[in-house]
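[1] This is the structure alone, sequence omitted:
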């Protein structure tokens, strides 16, 4: 990869691409978005997008790599990369890639992720490997490869769990789902940024997800629910802003720092850097329960393009996670340290 | 109407007037608000309001029209115009009016609105003209002229529907309500702006409504609900911010464009311009269901006076819908094209 | 207290300290935060914090007072002051204190608070002194000294109320709780600022609390609730943004003004100044019901460090309540009027 000219912030057209591209623009870096025909139109609507590269399908991506590399592209991954490119292509990409690719394998496996979080002393809901051992209902079932909450379901009893698994063809072959204790509390997603250049962890913003239909259920009175017996689903269609009780903020920081430290011990010496997110549930005893880690920008950060109450503690200008990434890349480029954050 | 001096952004004191007036101020246009005594005080609290015109009652409005016209007022309508002035006065106003008045008739009639949205290929919940044909419960009943959700109710069964209609005196005479399929999902309101000057459709922000008591129901546990059997009501008392999953944003744009295109075919050659809103429900299959269109600024935009994550994709300064309107009017005035957007 | 040099904005490390300190920084005032070891680390993370004073425990605070006074510290109280310092220390503090300390006694007593709000003609939910007189269920029970909603519970019946009181040891001795009518509506917290320097009341922002587990209950379908019978709890762990229907905003202002006026009659001639909050419930008849008053900055204002749609009606720069306090102190200092607001 050539570092001679300013790096071109490059991403795939979905998820948080607008924020990433706008961030590059705000940091005076060229930007480029790659999208399949039919999805490319959105990015042509916005004047801050420098270039839209349309492809027939994501399978064509590898053919672009040489050209992208020669242009000094830095790929900024988001939550749709693995879904669109596949784990293989994503991991083996020859274009400059922002972030530590070795983290991908740990994030992608439920078992490795759990091991990582446990090593970092992060409290997690119980996970049941033996279905006969479930002693508290309901449980939340998450099918592997579920994107945006679409494969999640709630089970109230052994019988219902068995039924639902069978209905989805999940009752045969190797297990392709996990079964988690349902923690009764409220959700809060913490958006971290581990800066290599400034050697510090920043909390930039927080959100909660907006999930259909489960976030509409409470508007149905009990009588109606008793009649129509709605099944909750957890498909993420949006996000809304939150701030956290200040007395819990230091614990939020320390959880993030332990996750980064553990990644250096487990994953690779340089560990995790850039944006990541801990998806938490908070119970009435003021404890966090982490249900998942995402090791890249999450869609909840899209709320903060025009500013965030947490980022404002570090920066005087509106600083979304997308812009924060661009700034890190620009500072690394200018300091001749791009190799430390782009692999 | 004289176009010789800068137009005075004028509105009625309610709904989103503060935002509209502040927008005018930010775009260096004079502003003026008309309010009945008792409601005018709010506008005197804020230094950015240039002039507050107090009237005894809204019925006095027509008497002001000549003076307003001679001063180059441009009325910016909002959600309380029809409620306060009546459809007649609103439609026949001789003062300059921002927006296409011919749209009013289409927005105001449930049947015409439905025809318009259908022509634009916008998915809508089923509507039952024959009450005996209702085959899925609950249903949502909306009485005509209901403002801010105050006349909506939920019916769980034929018997309850008949009872509730009778209790409201709606069981006799011509039908003054509609009966809609209750779509189980989550609500999201999309704030569009169709710019004549820049010839483009902009999505400026999104919100969800905050409705009493229905948004408090979910905080009551099932046992308590079973005992007190609360009836949901849908009175809008506020709004909160949302962002939408980016992969659905292009469809949101295209729905807006189809609505504008259909308005040119159905309503009048120039169609719909300025702010409008599609009120959507999103189901777990990631589909939008549009329950209503509002062809003017909606109150949810009040969240974005200090900035919006979507408007930030078009503008470098905080751009509320109120300010966007003022900018369009200023640009039209400066280009000598005010007649194209003010009728 | 010396007024010779710029006052140092000083607070305890918790609740809304970051916002207060950042506000001081933005207004070019020196800032200082006092925190016990273990809680001080958070404040060292942020470059805008000028000085972090670590103490062994809050009990050590009185020993700092002389030094703080000699340095011209102005203490800015927040919701954790009484909890950390105790009512005595807080009331007798010899360091400069922003706000009227005489208000503390009125805020701290449920009876005095109720008398104050009643004198201000503020609608409040019924309070039951005679438990046998409760004629509408459920009721909300609030134990004295409960911080952040942690001692609240809901009771569905006489029997359950008696049980819960006994379980908490509240059934004996002098009554240490209040029993309130449960108002079915939606909550909205209004953040006021009474400026002495500008002699006006400002509404700066609004929020709703995010409470565990009660804000997660609605995501559990009725069938599951029937099985696990969750008890709601009201522990505040965060906040989210709201705007209010504009037609109710003048009433929100007038409630605030009546509260300030009543404080001058009841509490002391100078009454209440600075930030305060009315915690409201809104019912479908569009009426406010005030469940509590907080006479200092509330944590919901933490949402608005980067800007608020209401503060933007008064100020051109982002104006959180924390920054508003700092501006008032700076203006008072520069006008030689610090004694009017710091006691």
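    Nice, thanks for sending it over. Quick caveat: nothing in here was measured; it's all calculated off a predicted structure. Numbering: from 1, shown residues only, chains lettered A, B, ... in the order given.
[2] can you map out the strands along the stretch 51-200 of chain A?
    Under the criterion DSSP state E, counting those that start in this stretch, the stretch 51-200 of chain A contains strands at A:52-55, A:73-75, A:96-97, A:139-143, A:152-155, A:177-181, A:186-195, A:200-213.
[3] residues making contact with the fifth one?
    Put plainly, it is strand A:152-155. Under the contact criterion C-beta atoms under 8 Å, 6 or more residues apart in numbering or on different chains, strand A:152-155 has outside partners A:137-143, A:146, A:161, A:164, A:179, A:182, A:231-234, C:221, C:224. Quick note: C-beta positions are derived from backbone N, CA and C, even for glycine.
[4] Who does it pair with, and is each partner parallel or antiparallel?
    Strand partners for strand A:152-155, identified by DSSP bridges, are recorded as strand A:139-143 (antiparallel).
[5] what pLDDT, on average, does the strand it pairs with get?
    Averaged across strand A:139-143, the pLDDT comes to 94.
[6] what's next to it, contact-wise?
    Residues outside strand A:139-143 that contact it (C-beta under 8 Å, 6+ apart) are A:128, A:151-155, A:161, A:164-165, A:168, A:170, A:176-182.
[7] which parts of the stretch 51-200 of chain A sit against chain C?
    Contact residues (C-beta under 8 Å from any C-beta of the partner chain) of the stretch 51-200 of chain A with chain C: A:137-138, A:154, A:156, A:184-188, A:200.
[8] Just send those back as a markdown table, with neighbour count too.
    Shown next, in a markdown table, are those (neighbours: other C-beta atoms under 10 Å in any protein chain shown):
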| residue | neighbour count |
| --- | --- |
| A:137 | 17 |
| A:138 | 23 |
| A:154 | 23 |
| A:156 | 18 |
| A:184 | 20 |
| A:185 | 22 |
| A:186 | 24 |
| A:187 | 21 |
| A:188 | 25 |
| A:200 | 12 |
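[9] if I look at the closest residue to residue A:210 other than its chain neighbours, how far off is residue B:123?
    Nearest residue to residue A:210 in three dimensions, chain neighbours excluded: residue A:238, at 3.8 Å (C-beta to C-beta, 6 or more residues apart in numbering or on different chains). Going from residue A:238 to residue B:123 by C-beta to C-beta, to the nearest Å gives 18 Å.
[10] same thing with residue A:45?
    22 Å.
[11] again with residue A:306
    30 Å.
[12] now residue A:329
    Applying C-beta to C-beta to residue A:329 and residue B:123 gives a distance of 41 Å.
[13] Between these two, point out the one with more neighbours.
    The neighbour count for residue A:329 versus residue B:123, taken as other C-beta atoms under 10 Å in any protein chain shown, is higher for residue A:329 (26 against 15).
[14] Just the element for the more buried one, please.
    Here residue A:329 sits within helix A:321-334, counting by DSSP states H and E.
[15] Residue A:258 too?
    In this structure, residue A:258 is located in helix A:249-266 according to DSSP H and E.
[16] Quick check: the gap between the residue in the stretch 101-250 of chain A that chain C sits nearest to and residue B:217.
    Nearest residue of the stretch 101-250 of chain A to chain C, counting by C-beta to the nearest C-beta: residue A:218, 2.2 Å away. Using C-beta to C-beta, we find residue A:218 at a distance of 6 Å from residue B:217.
[17] cool, residue A:5 as well?
    Taken as C-beta to C-beta, the span from residue A:5 to residue B:217 is 58 Å.
[18] So for those two, which sits in the more crowded spot?
    Comparing residue A:5 with residue B:217 by neighbour count (other C-beta under 10 Å), the higher total belongs to residue B:217, at 24 against 10.
[19] what residues are up against the more buried one?
    By C-beta under 8 Å, 6+ apart, the residues touching residue B:217 are A:218-221, B:225, B:230, B:232, C:184, C:218.
[20] pLDDT below threshold where in the stretch 1-150 of chain A?
    Across the stretch 1-150 of chain A, the ranges flagged by pLDDT under 70 are A:1-4, A:146.
[21] Need the winner for burial among the strands of the stretch 51-200 of chain A.
    Counting by mean count of other C-beta atoms under 10 Å in any protein chain shown, strand A:73-75 has the highest mean neighbour count of the strands of the stretch 51-200 of chain A, with a mean of 26.
[22] surely residue A:201 meets residue A:192?
    Yes. Between residue A:201 and residue A:192 a contact is recorded at 6.1 Å, counting by C-beta atoms under 8 Å.
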